[in-house]
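> I'd like to go over a predicted model; first the sequence, then the structure.
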Amino acid sequence: MAPGPDAHAASTLRAVTYRLSSVPARQLPALVPHVAATLPACKPVLAAPQSPSGKDASETAVLVHKLRTQISTLLQDRSAEGRWSGVVLCKSAIELGGWEMLQKCGPWVRGLLGILTKPDPPTTKVLAIVALTRIFALTREYQTLVREITTPSLTPFITSCLGILARAKTVDHGTQQLVDTVLESFSRLLPRHPTTFRPHLSKINQFLSTVVARSWPGEHALLSVDGLAAARSLYAQLPACAAKNGFKEEWEKTFQNVVAAAHQAADKVFRAVIEDWESVTGVQPPSTTNRTLEQVAQQLEPDKCGFPAWTGIYAGSGRLIGLLELLAELIAAPTTPSGPVSVRVAHLMDLLTRVLSITAPAGQKKKSQESGIAFNDQIGKKERNDLFTVLPQIHVAALGLFEVLVERFGQSLSPVMEFFIERLTFVFQEERSLLHVRAASYSVLSKALPAVGSTLPAAQIKSLNPIMHACCEDLLPRENDPTPNATPQMANGNKNQPQVSINADAFLNNTKNQAPQQIIPEGLHESAYDLLPILLTHLPAPAMDSSIRARIDSTAVLIQHEKALLASVLSLDPRGSPSLLPLLARLYPGSPAVESLLRPRVPAIRTHTYGDPNADVEEDEEDEDDEEATATPEKKTEQAPSPVQNKEDDMQVDDAPVDQKEPVAVRPRQAVAAAEDQSQQEQEEPSSFPEKRPSTETEVESRSPKRPRVESPPRDVPRDELREPPASTLPAAVPVETVYGAEEEEDDDGDVEIPTLVMGDDGDEGSDDEE
């Protein structure tokens, strides 16, 4: 018999403990990755309760105890290599062992806390913080472990981490990763243990005030992008540390302070232009008349949130961007454990309206009056140009804030969405050449159109044409522009033009000198790809221009966008444009959605069906027989025999003329011979009418007739014109409608006499010709 899973896990654990005991601590970093990858095979043993009864159970318990002892020894090892190996093995054992490892991990927690106070490398401290955070998160489900492990260990952990943040002065990769890990750990633990974090709130707030609202990325390089996001998330969760029932008031106070600080930064950053904006919440814009402004845009005192002062237009724009992103984090952060809060959407919309009311001039040749911007004469041209340089980044942050609002409130934000979409189109017209602005515009429209797209007026839908056109352009494959011809061309053949110096290298076809590819920001293609089907689904098709609709359909076909093709098929153009269903079926033949469009499985609803369930089948067979019998003979002029007709069948088909009222009947061979003799006698008699050649255009190749059913008795073809049944008792062939020569038949219908065609063997045809 093959060994059981427990036996295999025990043997693997035995090998792991042997390797750890036989290798020196300084050489363990090369072995630990292999050991950590082998430990998952030992999970049945590590997670099983260790009972002292039984020989096998005692051996397994000894192995698990030996592993715990080895990890504890490594965490207290004198070498940094040994401590690093102990941290990695501790994290792996905690993840695999569950309750059995957590209840006895007290020595490990003390060893990990000791590593944070030792001069170990940043990588070791990062792993120790990750392991401690995971232990605190797993023990939350067990109140006993919370009292025994988390409560006495969390305070020393917070103190050690705050010491790391206070000493983080140098800018290197290890320090940046360590600070990011501390902030991420705090943001995960603070909502679960707000009471424990409350005494340390002032120190945490002091550190966050220097980094959360960045002045400029270069000034706070000790935080990465992920670390900055973790810092904002932690700042948004600080109100949870308030006293009992004080979370709501603290959150609203933080919200109002951030909005006020954003207006303070905007007063300094936007001073180069005269703002055409009126507040609806009582915010007074700064007066630019009869007041001498500073030489440099700066804020000398801390703002409403306590964030430090800044100097320069770039620092001020960075502060404004940071405050907008902080507002977005405040809105997106969950508040379920502490209760609901009141969000004043009017204050946010007032701030967004102010930010989006200012745009950079669309071109260098346009004046300020043409673009709707009035410049402040007290500010120099350099600061004004710097403002227009950073303005698109401010707009991207504002669009991100509104996107969070739409995600958070959904349909409740419908009254202000129409106004915001109007501001969005205004900003997009001026800054559509910037890739980040286009990406942010596509993303926010993808969230807003499902809520209000079907209710937008036709004029506003038409204003979205530039955005829809740019969306299609960004989805199509890009090609490098050809290298411009460097050879000067003589205008109008004038040979007296002055000579121009030419670079000889320009005549060489150097591929390295071609126009470089434009760097596409992350998220541009994804946001445009997501927006394309939403335009077809949530915008009314009659209100969309035909050119834009054709552009969207062609883009969906070229990039093979399944969702956009489905949306185009389901939202038909009322102007009669062809459907994309054939292309969709060809591109995605195995898609269930396409299959449901092509062949919907909707059962037929039958009425008056009572009694035997087989009655429907019998009725269907009778209907098929009636359809074959009641078909009109005017639809076919000739009937050819089936190629699979049995040669032993002694029957022939007699095709009646088109104007003949009798149905086509199948007669025996004797009747056919008698009819031929009678026709020959009639031809020998003199006729007073001139003979006319029968029209050969009416004789077309017909389809093979259906073979008569052998199992059922033959029936006559019912005709309203005939009172008597036909001579033959076999089913008649159904003629088809003549396609060619229809006009000639109508003209010569009464004059042309079509002879009877006899379909027989080759020998009979030869005898007929001789006669």
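Received it, and whenever you're ready, just let me know what you need.

> Before we move on, what's the pLDDT of residue 487?
At residue 487, the model reports a pLDDT of 44.

> Over to residue 207?
Predicted confidence (pLDDT) for residue 207: 91.

> Look up how far residue 183 lies from it.
Remark: distance between residue 207 and residue 183 (CB to CB, to the nearest Å) = 9 Å. For every residue, glycine as well, the C-beta is placed using N, CA and C.

> who's more crowded, those two?
Between residue 207 and residue 183, residue 183 has the larger neighbour count (other CB atoms under 10 Å), namely 28 against 18.

> need the contact list for the more buried one.
Contacts for residue 183 (CB atoms under 8 Å, 6 or more residues apart in numbering) come out as 223, 227, 230, 231, 234.

> Take the residues you listed and write them to CSV, including neighbour count, distance to residue 197 and pLDDT.
As requested, the contacts of residue 183 are exported to CSV (neighbours: other CB atoms under 10 Å; distance: CB to CB, whole Å; pLDDT from 0 to 100):
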residue, neighbour count, distance to residue 197, pLDDT
223, 22, 20, 81
227, 21, 19, 88
230, 23, 15, 92
231, 28, 15, 92
234, 27, 10, 93
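
> Those in helices, which ones?
227, 230, 231, 234 (DSSP state H).

> for these, which one is nearest residue 380?
Using CB to CB, residue 231 is the member of those that lies nearest residue 380, at 34.7 Å.

> Tell me the spacing between residue 6 and residue 44.
From residue 6 to residue 44 the distance is 5 Å (CB to CB).

> who's more crowded, these two?
The neighbour comparison of residue 6 against residue 44 (other CB under 10 Å) goes to residue 44, with 18 against 14.

> Surely the more buried one forms part of a helix?
Yes - under DSSP: H, G, I helix; E, B strand; the rest coil, residue 44 falls within a helix.

> Can you list the low-confidence ranges for the protein?
1-5, 51-58, 169-173, 214-221, 287-294, 338, 361-372, 479-521, 602, 604-771 (pLDDT under 70).

> Buried ones in the helix ranked longest in it, by neighbour count?
Longest helix of the chain, by residue count under DSSP H: helix 381-409. For helix 381-409, the buried set under the neighbour-count rule, 16 or more other CB atoms under 10 Å, comprises 383-384, 386-388, 390-406.

> Who are the packing partners of that helix?
Helix 381-409 sits against helix 247-269, helix 313-332, helix 345-356, helix 414-431, helix 435-452, with contacts defined as 3 or more CB pairs under 8 Å, 6 or more residues apart in numbering; DSSP states H and E.

> report the angle between the axes of that helix and helix 313-332?
10 degrees (axes from the mean of the first three to the mean of the last three CA atoms, to 10 degrees).

> how much space between the closest residue in space to residue 301 that isn't next to it in sequence and residue 326?
Leaving out its chain neighbours, the residue that sits closest to residue 301 by CB to CB, 6 or more residues apart in numbering is residue 309, at 6.1 Å. Distance, residue 309 to residue 326, by CB to CB: 18 Å.

> okay, the two: which has more neighbours?
Applying other CB under 10 Å to residue 309 and residue 326 shows that residue 326 carries more neighbours, namely 27 against 13.

> how close does that one get to residue 450?
Distance of residue 326 to residue 450, given as CB to CB: 27 Å.

> How about residue 233?
For residue 233, the distance to residue 450 - CB to CB - is 27 Å.

> nearest residue to residue 397 other than its sequence neighbours?
residue 324 (4.0 Å).

> and the one you found, what does it touch?
262, 351, 355, 394, 397, 398, 400, 401.

> mind listing what the fifth one touches?
It stands for residue 397. Taking CB under 8 Å, 6+ apart, one finds 320, 321, 324, 325 in contact with residue 397.

> May I see the PyMOL selection of the buried members of the residues you listed?
Here is the PyMOL command that selects only those of the contacts of residue 397 that count as buried (16+ other CB under 10 Å):
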select buried, resi 320+321+324+325
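
> Nearest to residue 246, out of the contacts of residue 397: which one, please.
Nearest member of the contacts of residue 397 to residue 246, counting by CB to CB, is residue 325, at 25.8 Å.

> so the closest one touches residue 233, yeah?
No - using CB atoms under 8 Å, residue 325 is not in contact with residue 233, being 10.9 Å away.

> Report how many residues lie close to the residue nearest to residue 425 when sequence neighbours are not counted.
Leaving out its chain neighbours, the residue that sits closest to residue 425 by CB to CB, 6+ apart is residue 463, at 4.7 Å. If you count neighbours by other CB under 10 Å, residue 463 ends up with 18.

> Same check on the one 4 residues further on?
Taking other CB under 10 Å as the neighbour definition, residue 467 ends up with a count of 21.

> what does residue 547 give?
For residue 547, the neighbour count with other CB under 10 Å is 10.

> what do you get for residue 32?
22.

> Spit out the contact partners of it.
Contacts of residue 32 by CB under 8 Å, 6+ apart are 84, 85, 88, 89.

> which SS class is it?
helix.

> go on, residue 341?
Under three-state DSSP, residue 341 comes out as coil.

> Contacts only, for the residue lying closest to it once chain neighbours are set aside.
Setting aside the residues directly before and after it, residue 341 is nearest to residue 251 in space (CB to CB, 6+ apart), at 4.8 Å. Shown in contact with residue 251 (CB under 8 Å, 6+ apart): 239, 330, 335, 338, 341.

> OK, contacts around the second one?
What that stands for is residue 330. 236, 251, 254, 255, 258.

> Any chance of TSV for these, columns distance to residue 346?
Shown next, in TSV, are the contacts of residue 330 (distance: CB to CB, whole Å):
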residue	distance to residue 346
236	21
251	17
254	18
255	12
258	15
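
> Now the two most distant members of those residues.
Using CB to CB for every pair in the contacts of residue 330, the one that comes out farthest apart is 251 and 258, at 10.8 Å.

> Residue 282 versus residue 254, what's the distance?
Using CB to CB, we find residue 254 at a distance of 19 Å from residue 282.

> and these two? which has more neighbours close in?
Remark: of residue 254 and residue 282, residue 254 carries more neighbours, 17 against 7, as counted by other CB under 10 Å.
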